[in-house]
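Visitor: Here is the input, now give the coordinates:
(one chain, ligands or ions: 2)
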Amino acid sequence: MSTQTPSIQTPQAIRGTQDIFGPDAEAFAFVVETFERVRRLYRFRRVEMPVFEKTAVFSRSLGETTDVVSKEMYSFEDRGGESLTLRPEFTAGIARAFITDGWQQYAPLKIATHGPLFRYERPQKGRYRQFHQIDAEIIGAAEPQVDVELLVMADQLLKELGIADGVTLQLNTLGDGASREAWRTALIDYFRAVKGDLSEDSQDRLERNPLRILDSKDPRDKPFTADAPKIDDFLSDEAQDFFAKVTGGLDAAGVAWTRAPALVRGLDYYRHTAFEFVTDRLGAQGTVLGGGRYDGLMEALGGAATPAVGWAAGIERLAMLVGEKGEAKADVIVVVEDDALLTSGIAQVSHLRRSGVSAELVASGSARKRFDKAVKMGAQAILALAMRDGQAAARVRAEDSASADLRELLDKQVAQL
Ligand code: ATP
Ligand code: MG
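Guide: Ligands and ions are numbered 1, 2, ... in the order given. Model prediction:
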């Protein structure tokens, strides 16, 4: 029993963090377990990455005018006076490791991870300050079929989570360096003419990074983004060919997609393929998975030019689509109806668990009420231990749905009693 000292105020959780428990935690675990299964099917290797990095890892790669770098990073000086940042995304840290750890030798490298990320945003449904992502990257491969593989994997994941209905893949190309530069110039000309009507943020971005305006969520910018110049008018033949191979591969794999010519993504390092899986079932927080090709990132971090492509998906948003998941009932509940049989109960429940059967021990509270308690908890079978005429006796009550294997295992255990 815990007691609370009345004069001490319990510190509250940090705004924008969540304590995930019960059916929500089950849905969260279901997302991670499904991702782990799918990434093995696609032969992605698991990596674990640090939660914090030197600030430069993120500021050099994500782009100074992106929301994440300009206002969302948790940066601080450590006791040694070094500027560190809690990771706001996975890709930059993974790219840093690729360079500093010599992962070049494993290229092309398919890797996957999941874990917490931190962004100082306005907390609301589907948007938190500590949130979690699953993440998949292919580093050191320039071919469009690699983009296809990643997208087919994302599509299969959403299907296996049972949430693919109502989620659409929005696909765009940002072209190669030359296409992108020509598009950028055209965007500056176009937005300059309406500068006074844009949001302050967008006016600020206009000369430095006009692509950002296309990703603006400010309603004042929306009327102008729809009619802005499209990348298609600036794509080089090579960039067009690359994109055609990506869409052709998706069609061959049976993955539905929609062209989204104004999609640019929240971070600056993307080239060629950019995509989001979007739903209207989560209100304003409708992007569940996003990514693209980031061929320029390694160089921005001081490494050799290395093509790469990846995606990340918010676990909380995926879990919200999955809905609450019940906690699974035990296969077997072992009930000790006489305290003299406690050690026997411990032996029985241990043996069941070692045999791969999920089991719970009920051995506390009034002995007469323990069996009813087990019935209420529910299980495939109940194994009750009691004394009859000075002898230990066991009885098994199995549900009709209990498997033959489970019945056999319990019969064996009872016989050995
Ligand atoms: P948004 O447009 O919703 O701000 P984003 O473009 O900033 O998303 P990414 O950086 O692409 O998001 O991250 C990939 C995914 O991570 C998003 O699609 C979303 O599912 C999830 N995500 C991003 N930020 C948050 C957050 N603050 N809280 C919860 N999930 C988030
Ligand atoms: Mg964002």
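
Visitor: number of nearby residues for the residue in the stretch 301-417 of the chain that ligand 1 sits nearest to?
Guide: Ligand 1 sits closest to Gly314 of the stretch 301-417 of the chain, with a gap of 2.5 Å, by Cβ to the nearest ligand atom. Where you see a C-beta, it was placed from the backbone N, CA and C, and this is true even at glycine. By other Cβ atoms under 10 Å, the residues close to Gly314 number 23.

Visitor: got the residue ranges for the strands in the stretch 51-200 of the chain?
Guide: For the stretch 51-200 of the chain, the strands defined by DSSP state E, counting those that start in this stretch occupy 52-54, 74-77, 83-86, 109-118, 130-139, 167-173.

Visitor: tell me which residues in the shortest one are buried?
Guide: Right, strand 52-54. Phe52, Glu53 (16 or more other Cβ atoms under 10 Å).

Visitor: what does the average pLDDT come to for it?
Guide: On average, the pLDDT along strand 52-54 is 98.

Visitor: Residues contacting it, please?
Guide: Glu82, Ser83, Leu84, Thr85, Leu86, Arg87, Ala92, Gly93, Arg96 (Cβ atoms under 8 Å, 6 or more residues apart in numbering).

Visitor: ok now that strand, how far from the chain's centre?
Guide: 20 Å (Cα atoms, centre = their mean, to the nearest Å).

Visitor: That one: partners in the sheet, and parallel or antiparallel?
Guide: strand 83-86 (antiparallel) (DSSP bridges).

Visitor: Could you write out the alpha-carbon coordinates of the strand it pairs with in PDB?
Guide: Output of strand 83-86 as PDB, limited to C-alpha atoms (Å, rounded to 0.1, in the frame of the first residue of the first chain):
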ATOM      1  CA  SER A  83      25.000  22.400 -27.500                       C
ATOM      2  CA  LEU A  84      23.000  19.200 -27.700                       C
ATOM      3  CA  THR A  85      19.500  18.500 -29.100                       C
ATOM      4  CA  LEU A  86      17.000  15.800 -28.300                       C
END
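
Visitor: wait, does it make contact with ligand 1?
Guide: No - judged by Cβ under 6 Å from any ligand atom, strand 83-86 and ligand 1 are separated, with a smallest distance of 12.6 Å.

Visitor: What residues of that strand count as buried?
Guide: Leu84, Thr85, Leu86.

Visitor: quick one: average pLDDT of that strand?
Guide: Here the average pLDDT along strand 83-86 is 98.

Visitor: Give me the contacts around it.
Guide: So strand 83-86 is contacted by 51-59, 73-78, 117-118 (Cβ under 8 Å, 6+ apart).

Visitor: backbone phi and psi for the residue of the stretch 301-417 of the chain closest to ligand 1, please?
Guide: Per-residue torsions, Gly314: phi -70, psi 120 (degrees, to the nearest 10).

Visitor: show me the contacts for it.
Guide: Counting by Cβ under 8 Å, 6+ apart, Gly314 touches Gly126, Phe131, His132, Gln133, Val288, Leu289.

Visitor: If we use 7 Å, what do you get?
Guide: Listed by Cβ atoms under 7 Å, 6 or more residues apart in numbering, the contact set of Gly314 reads Phe131, Gln133, Val288.

Visitor: Gly175 now?
Guide: Trp183, Ile231, Phe234, Leu235, Ser236, Ala239, His272.

Visitor: So it versus Glu82, what's the distance?
Guide: Shown here: Gly175 relative to Glu82, a distance of 38 Å by Cβ to Cβ, to the nearest Å.

Visitor: now Phe243
Guide: Per Cβ to Cβ, Phe243 is found 42 Å from Glu82.

Visitor: Could you do Ile188 as well?
Guide: Noted for Ile188: a distance of 37 Å to Glu82, by Cβ to Cβ.
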